[in-house]
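Engineer: Below are the sequence and a predicted model; questions follow.
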Amino acid sequence: MTNPENSLVLRNARIVLTDRVLDESKLLIESGRIARISAAASAAENGALEYDLAGLTLLPGFIDIHIHGAVGVDTMAAAAADLDRVSQFLATRGVTGWLPTLVPAPASDYARAIKSINEATNPIVGARILGVHYEGPFVNSIQCGALHVQFFRSFSGAADLDDLPRLSDQRAKHMTTLAPEIAGGVELVRELTRRGWIVSLGHTRADFEILDKAFAAGARHMTHFMNAMTPLHHRAPGPVGWGLSRDEVTCDFIADGIHLHPQMLRLLLKLKRADRLSLISDAVAAVGMGDGDFEIWGETITVKDGRTGNARGAIAGSVITMLDAVRMMLSLGGSEVEVAKMAATNPAQLLGIGQECGSIEEGKRADLVALDAAGKVVLTLVGGKMVFQPAVAGDGIKPGVERSGTPGI
């Protein structure tokens, strides 16, 4: 029986499931979870707040596993309140979960950043912080990209991980990007896997032999695939060839049309398939701030025409959101089912939370985003709680049956 004080109905939406799209359907949310998916014309739920989503498409909320900041906030320097601002901004772009991503830095900077993540607000004000992603410091200096090589490290034993503090929440996910060819790299993969970390391979020049050893030690994923790794060559396939040829390996990538040419994005989807790909933003603090010069990671990063660059001429992250990546892949011919997998389902599975969220299925968390025909976010729900709806009259969802109170959390 529906509990009217803790329920919400979304009616008449196109609902993107894991294998198909349902037209004009109804979704019932109870206690923050998807209780039932049925035909839109089915009977009203007694006392439940209803919203008419006619003309809108409902997708699982996006999960960004690699993001350095937004709206002027850098995760390396942010206070807890700053991270809340990022969470609020991300919700306006359909993101319901994210991993603040840290770059190689002194131990004191890591400690400060982890302290802020621990203190970020609860209850939810926007997208949930699901854990932390350390991009480095155990990476290859030749493939540094925009990372600062003076803080790179090798691995000689478990004590070398003491300066990478864990979050206090036992449910938090800990992910790291590393290069297995560094001194002690394969053993590092083994030790992190033993500790329950998600190991991703990136900023690397490793050959097939080393990559296979890293896989056997527990590495199953690759970071911003094709970027910051040796390119594919017919006599030296390297990490790109390895990632394409290993079906057991998943990859994430930046779909901004800059890090990878649009035709490479099409090719990647064709060769690797949506089931093994995750979208990321790799966004920096300049997201949402327009063109200009920004002080990030102790240097000036310039944004011009949507492209970042540092003084060395390297691309320094992106200024897109997951919504931009979703729009890009849809424009290149990806289906809504495929894009939902890449933006939500696969990241959730990588983090080990696929049983809880990442797809629209009965029993899962109601982490949802509704897009209009132009690809604009009209509604974002996190655990059944509305965390974003445009304030402009006529631009949002249409309420049906009104009642007082807040939908389930």
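Structural biologist: Perfect, thanks for sending it.
Engineer: could you show me where the helices are in the stretch 151-300 of the chain, in order?
Structural biologist: Secondary structure of the stretch 151-300 of the chain (DSSP state H, counting those that start in this stretch): helices located at 185-194, 208-217, 238-245, 262-272.
Engineer: Make a markdown table out of those helices and add mean pLDDT, distance to R11 and mean neighbour count.
Structural biologist: Just so you know, the C-beta spots here come from the backbone N, C-alpha and C atoms, and that holds for glycine as well. Listed next are the helices of the stretch 151-300 of the chain as a markdown table, based on pLDDT from 0 to 100; distance: least, CB to CB, whole Å; neighbours: other CB atoms under 10 Å:
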| stretch | mean pLDDT | distance to R11 | mean neighbour count |
| --- | --- | --- | --- |
| helix 185-194 | 98 | 45 | 20 |
| helix 208-217 | 98 | 46 | 18 |
| helix 238-245 | 98 | 42 | 20 |
| helix 262-272 | 98 | 33 | 16 |
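Engineer: Including distance to I67, could those go into CSV?
Structural biologist: Formatted as CSV, the helices of the stretch 151-300 of the chain follow (distance: least, CB to CB, whole Å):
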stretch, distance to I67
helix 185-194, 21
helix 208-217, 24
helix 238-245, 21
helix 262-272, 19
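Engineer: Relative to Y51, tell me which of those wins on proximity.
Structural biologist: Closest approach to Y51 among those is made by helix 262-272 (32.9 Å; CB to CB).
Engineer: before we move on, the earlier item: ok, which of the helices of the stretch 151-300 of the chain comes nearest E356?
Structural biologist: Here helix 185-194 is closest among the helices of the stretch 151-300 of the chain (CB to CB), at 21.8 Å.
Engineer: gap between the closest one and the chain center?
Structural biologist: Distance, stretch centre to chain centre, for helix 185-194: 24 Å (CA atoms, centre = their mean, to the nearest Å).
Engineer: Next, the angle helix 208-217 makes with that helix.
Structural biologist: 20 degrees (axes from the mean of the first three to the mean of the last three CA atoms, to 10 degrees).
Engineer: Does helix 185-194 pack against any helices or strands, and if so which?
Structural biologist: strand 173-178, strand 198-201, helix 208-217 (3 or more CB pairs under 8 Å, 6 or more residues apart in numbering; DSSP states H and E).
Engineer: about what we covered before: can you check which of the helices of the stretch 151-300 of the chain gets nearest to D291?
Structural biologist: helix 262-272 (21.6 Å).
Engineer: what sits up against that closest one?
Structural biologist: Contact with helix 262-272 is made by 225-226, 243-244, 251, 253, 255, 257, 260, 277, 328-329, 332-334, 338, as judged by CB atoms under 8 Å, 6 or more residues apart in numbering.
Engineer: still on that earlier bit, nearest to S7 among the helices of the stretch 151-300 of the chain would be which one?
Structural biologist: Short answer: helix 262-272, nearest of those by CB to CB, at 37.9 Å.
Engineer: what is the orientation angle of that closest one with helix 238-245?
Structural biologist: Using the same axes, to 10 degrees, helix 262-272 lies at 50 degrees relative to helix 238-245.
Engineer: Could you check how far helix 262-272 is from the centre of its chain?
Structural biologist: That offset, for helix 262-272, works out to 19 Å (CA atoms, centre = their mean).
Engineer: what do you get for stretch 57-73?
Structural biologist: 5 Å.
Engineer: nearest to R235, of the contacts of helix 262-272?
Structural biologist: L244 (15.9 Å).
Engineer: got the phi/psi numbers for the closest residue to I320 other than its chain neighbours?
Structural biologist: Nearest residue to I320, sequence neighbours excluded (CB to CB, 6 or more residues apart in numbering): D256, at 4.6 Å. Per-residue torsions, D256: phi -110, psi 0 (degrees, to the nearest 10).
Engineer: Give the full set of residues in contact with D256.
Structural biologist: Contacts of D256 by CB under 8 Å, 6+ apart are 306, 318-320, 324-325, 328.
Engineer: From the residues you listed, keep the buried residues only.
Structural biologist: Taking 16 or more other CB atoms under 10 Å as the criterion, what is buried in the contacts of D256 is 318-320, 324-325, 328.
Engineer: Between which two of the residues you listed is the distance greatest?
Structural biologist: That would be V319 and M328, which, of the buried ones among the contacts of D256, are the farthest apart (CB to CB) at 13.3 Å.
Engineer: so what strands line up beside whatever helix or strand M386 lives in?
Structural biologist: According to DSSP states H and E, M386 maps onto strand 385-388. Applying DSSP bridges, strand 385-388 is found paired with strand 377-382 (antiparallel).
Engineer: Show me how far the strand it pairs with is from its chain's centre.
Structural biologist: 16 Å.
Engineer: what sits up against it?
Structural biologist: Against strand 377-382 from outside (CB under 8 Å, 6+ apart): 29, 51, 53, 56, 61, 91-96, 124, 126-128, 323, 366-372, 386-390, 395-397, 407.
Engineer: Over to stretch 194-204?
Structural biologist: By CB under 8 Å, 6+ apart, stretch 194-204 touches 135-136, 139-140, 143-145, 147, 161, 173-181, 189, 192-193, 211, 214, 218-224, 228-230, 239, 252, 350-352.
Engineer: do stretch 11-20 as well
Structural biologist: 21-27, 37, 40, 50-54, 56-60, 336-337, 340-341, 345, 359-361, 370, 400.
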